[in-house]
Structures are given as C-alpha cells and as structure tokens.
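Trainee: Fold the following and give me the result.
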Amino acid sequence: MPGEQAVGQVRATSIGWSRWGICALLFFATTLNYIDRQIIGILKPELAKQLGWNEIDYSNIVFAFQVAYAIGYAGAGRLMDRMGVRRGYFLAVLFWSLAAMAHALTRLIPPEAIPGDWAQPVAHVVGNWLLVIPMTVLGFSAARFALGLAEGGNFPAAVKTVSIWFPKKERALATGIFNAGSNVGALVAPLLVPWLTITFGWPTAFLATGVLGFAWLVVWWLFYQEPENHPRVSAAELAHIRSDPPDPVVKVPWLTLLRYRQTWAFTVGMFLSSPIWWFYLYWIPDFLNKQYGLDLLHMGPPLVVIYLMTDVGSIGGGWLSSWLIKRGWSVNAARKTAMLVCALCVVPVFMTSSISHLWVATLLVGLAASAHQGFSANLYTLVSDTAPRQIVSSIIGIGGMAGAIGGMFIAKLAGYILETTGKYQLLFLIAACAYLVNLTIIHVLNPRLEPMKFTAEQTPGR
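Mentor: Numbers count the residues shown, from 1 in each chain. Got it, this is the predicted structure:
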C-alpha cells in the first residue's frame, strides 16, 4: 500500500545517518594508513637504483615494518579496549604521522644547508656530507619500524568503533566501507607519489602524508563521541545501533583469549590472508617494473586499476553477506558463503607471471586483490559476530599480530625467491591457494560461528 510505503520511508529516514559519518572518519584514517605504507613499494625501483639495494635489502626493510606492526597490532588491541577508541585512535594516528615524516630525515643534507659554524667540523669528520640518519637499509628500517609500531593501531580501533556504532546486520558493510580506505590509499599513492618525487624529491612524499594525518586528528577529536553522548545521534538511531541483544559484561585476561577457538579462527585467518595482501602492496610495483618495463611515471595506471577493483571487492564482499542476512540467511552461512566466493575469485592469479599482456595480468591481480578485500571485510566481522564489544579490539590485535608475522615470512620468502630465481611464479601460486585453505581451517575451528561463552568469574555481577 502507498501509505505503508510512505511510513516505511519516514521510519528509515528518521533513524539518522550519524553512524555513517563515523564510518567515513574510519575510511579516511585507513586511507592515510595505506598511503603511508604504500609509498616505499612505489619508490622501490627508484630507491633501489639510487641506493644500491638488492632484493634482500628491500625484504629486510619490509621485514622491519612487519616486526613492529605485529608488536603494535597486539599492543594496540589491548590499548583500545582499555583506553577507548577516541583517545587510542588519536594517539595511533599521531604517532604514525610522525613516523611517516621521519622517513624524510634519511636524506643526505649538505653541510652548507645547515646554519652555523658547527656543521663544518662534523662535515670534516664524515666527508662532504652530513648524515642526519644514514641513507642505508638500517636508516629506512628504523623509520619503517616506527611506522609499523604506530600503524598497528588502525584496524583494532576501526573494528572496535564499528562494533560500538553498528548493529550486527550492518557491520560487514561498514567494515567493507572503511576497509575500502586501504584500497583508496593504495590507489592515491601511485598517482601522488611519482609527481611529488619528480617535482620535489622523494622525501616530500613522506612529509605530505604526515601533514594529512594531522588534519585528520583535528576532525576526529572534534567530532567523535560514543553514540550515547554524541549530539547528532537521535533516539531512533541510538535504538537502531543498540538493537542487538546486549553483550555480556566480561573481564577476560588477554592470554585467556587464546583458549577460545573463535580467537584462533580469526588468528589463523589473518596469518594466512594478510601476507598475500602485503605481497601485492610491496611487490606488485616491482613486478610491473621487471615484467613489463614500467618506470615510476608509467606504473600508475595499472596500479590505479588494481586498487579501483579492490574498492569494489571490499564493499561488495561486505555487502554480500549483509544482503544474505537480510534475506534470512544465518550469520554463519552468509559470512562463509561470501568468503567462499572471494576465495574462488583469487585462484586465477596463479597465471599472472606467465601472462605477456600487461592489462590481462593487471586484471588478474586486480581480481585477486579485490577478492582479498571482500574476504577480509567478512573475516574482521567474524570477531564482532562472536565476541562482546569489550574484547573485540584485543582479539583483533592478536589476529593482526599473527597477520604481521605472516607478513614477515612473506617478506623474507619473496626476497630470497626473487634474489635466487628472479621470477614471481611461485609467489603467485602461493597467493592462489591461500584463501581456500584459510576458509577450510576457519570452518573446522568454528563450524557454526558460535559466540564465545564465559564462566561466572568472567562475567561480573552474575
């Protein structure tokens, strides 16, 4: 009936959109997070040429980031649960912006550029140049370590924020939207970094992203509040946000979380899937350079296509499981069906290294990276599906640490494979198989996606 439709539209409108504004802030933070980490992958051929890096040197720099990212991810998860996302997220973005800008300090500074007479004796000792931080593998590794330590806070904070601001039926979509920021960041970087590098020099690329991070901090601090305290949240929207049954009030020690198979399902999922994304992020620019001869100016269009496709996958993967739930599917069936579709879409990537046509290879990598993001959106959502909000960030931190450890392995493995063989075939084969194996293990660990159950001692007041 027309009257009933009008009432339904009014009700939908009256709920409000404040939660999606918060999701937009998460999206932009994730975008900045990935611009910062993607810069070195884009500049890798150029920096390797200038600084004489080999494949092992570059893998060591990536390895340093992954070690710190593992530590930061785990620590940030607990920090967000204890401190809250308003302050915790603020600190994470503040420190990763400073760390990104610190990369610029690895440049060589001529003595005449330093004011005062004190520079000359130092310059006499070290030669014609004064090293602020030596422009070596060690210098870049130190900067990457600092960046990884701080950037580990992004996903624990963002996923916890989604669990606070969205009901379960909207969480996968919200996660897919903010997670699309990683694709946009990886998309913006190949457009922005070459121009900044050629026009102003490579240090400017790192400085520019740090400045953008400080701009985000101002907006976050001014506009973020919990839903109950937010001035723009209506009573109807708050009721919608809190429409799920209340979570049990729990207090679970961090190490105790490792006793739960729900924690291990997410942890294994991250360990097997995150390294593949790191491989795309850090080695695809180099693959395009070596396989098709693309230089810094010409690798932008293929990378743009790849990361435009990943935006579709990130939002589409989250949308698919949310759509299935709205059509009456169980959360278990909806999430795993969406993950299976994504896992199957990755398989063709094994052919990439044998493709002679640039754009066919680009589309294969784009499809696989897109499917990874759809898989990832649902994987993150499994945590808020099965764990109370109070411990979501802690579990995300544990899983993220495992993913970063997996990234450490892929960094060293890629370095040694490429230094030894010069070919990407084995790496693409690993990527093709990873997600089907991953989903199988997740299903074995939690076949019905059951919520975590707690003892009386872990639920105060009961």
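Trainee: can you pull out the helices in the stretch 301-450 of the chain?
Mentor: 331-346, 358-386, 392-421, 425-445 (DSSP state H, counting those that start in this stretch).
Trainee: For stretch 79-87, give me every contacting residue.
Mentor: Residues from elsewhere that reach stretch 79-87 (Cβ atoms under 8 Å, 6 or more residues apart in numbering): 88-89, 153, 156-157, 160-161, 164, 220-221, 224-226, 390-394, 397. C-beta: built from backbone N, CA, C; applies to glycine.
Trainee: er, stretch 444-457 I mean
Mentor: So stretch 444-457 is contacted by 248, 250, 252, 260-262, 264-265, 268, 330-332, 335-336, 382, 385-388, 462 (Cβ under 8 Å, 6+ apart).
Trainee: Quick one: low-confidence residue ranges for this protein.
Mentor: Within the chain, the ranges that satisfy pLDDT under 70 run 1-14, 51, 106-137, 247-251, 455-462.
Trainee: quick one, phi psi at the residue nearest to the spatial centre of it?
Mentor: Centroid-nearest residue in the chain, with Cα atoms, centre = their mean: Ser182, separated by 5.6 Å. Main-chain torsions, Ser182, degrees, to the nearest 10: phi -60, psi -40.
Trainee: Quick check: the gap between it and Trp277.
Mentor: Note on Ser182: its distance to Trp277, by Cβ to Cβ, to the nearest Å, is 8 Å.
Trainee: In CSV, list the helices of the stretch 301-450 of the chain along with mean neighbour count and distance to Ser321.
Mentor: Output for the helices of the stretch 301-450 of the chain, formatted as CSV (neighbours: other Cβ atoms under 10 Å; distance: least, Cβ to Cβ, whole Å):
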stretch, mean neighbour count, distance to Ser321
helix 331-346, 21, 4
helix 358-386, 25, 5
helix 392-421, 22, 18
helix 425-445, 18, 13
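Trainee: circling back to that earlier point, for PyMOL, write a command that selects the buried ones of the contacts of stretch 79-87.
Mentor: The command below creates a PyMOL selection of those among these that count as buried (16 or more other Cβ atoms under 10 Å):
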select buried, resi 88+89+153+156+157+160+161+164+220+224+390+391+392+393+394+397
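Trainee: show me where the stretch 101-250 of the chain has strands.
Mentor: Secondary structure of the stretch 101-250 of the chain (DSSP state E, counting those that start in this stretch): strands at 108-109, 130-131.
Trainee: Pull up the gap between the closest residue to Leu187 other than its chain neighbours and Leu238, please.
Mentor: Distance criterion Cβ to Cβ, 6 or more residues apart in numbering; nearest residue to Leu187, sequence neighbours excluded, is Tyr307 at 3.7 Å. The gap separating Tyr307 from Leu238 is 36 Å, by Cβ to Cβ.
Trainee: So which of those two has more stuff around it?
Mentor: Between Tyr307 and Leu238, Tyr307 has the larger neighbour count (other Cβ atoms under 10 Å), namely 29 against 17.
Trainee: Next one: that one relative to Gly75, how far apart?
Mentor: Here Tyr307 is placed at a distance of 29 Å from Gly75 (Cβ to Cβ).
Trainee: before we move on, what about Trp195?
Mentor: With Cβ to Cβ as the criterion, Trp195 and Gly75 are 36 Å apart.
Trainee: thought the residue nearest to Leu187 was touching Asn183?
Mentor: Yes - the criterion here is Cβ atoms under 8 Å, and Tyr307 meets it with Asn183 at 4.7 Å.
Trainee: Look up the residues that both of these two are in contact with.
Mentor: Taking Cβ under 8 Å, 6+ apart as the criterion, Tyr307 and Asn183 both touch Ala369.
Trainee: Now do the contacts for Thr161.
Mentor: Counting by Cβ under 8 Å, 6+ apart, Thr161 touches Ile22, Leu26, Val85, Tyr89.
Trainee: How many residues are close by the nearest residue to Ala334 once chain neighbours are set aside?
Mentor: Take Ala334 and drop its neighbours on the chain: the residue closest to it by Cβ to Cβ, 6+ apart is Leu324, 3.7 Å away. Using other Cβ under 10 Å, Leu324 has 18 neighbouring residues.
Trainee: Ala333 is in contact with Leu324, correct?
Mentor: Yes - between Leu324 and Ala333 a contact is recorded at 7.1 Å, counting by Cβ under 8 Å.
Trainee: Give me the buried stretch members for the strand or helix carrying Asp36, please.
Mentor: Assigning secondary structure by DSSP states H and E places Asp36 in helix 18-51. Residues 18-19, 22-23, 25-48 are the ones in helix 18-51 that count as buried (16+ other Cβ under 10 Å).
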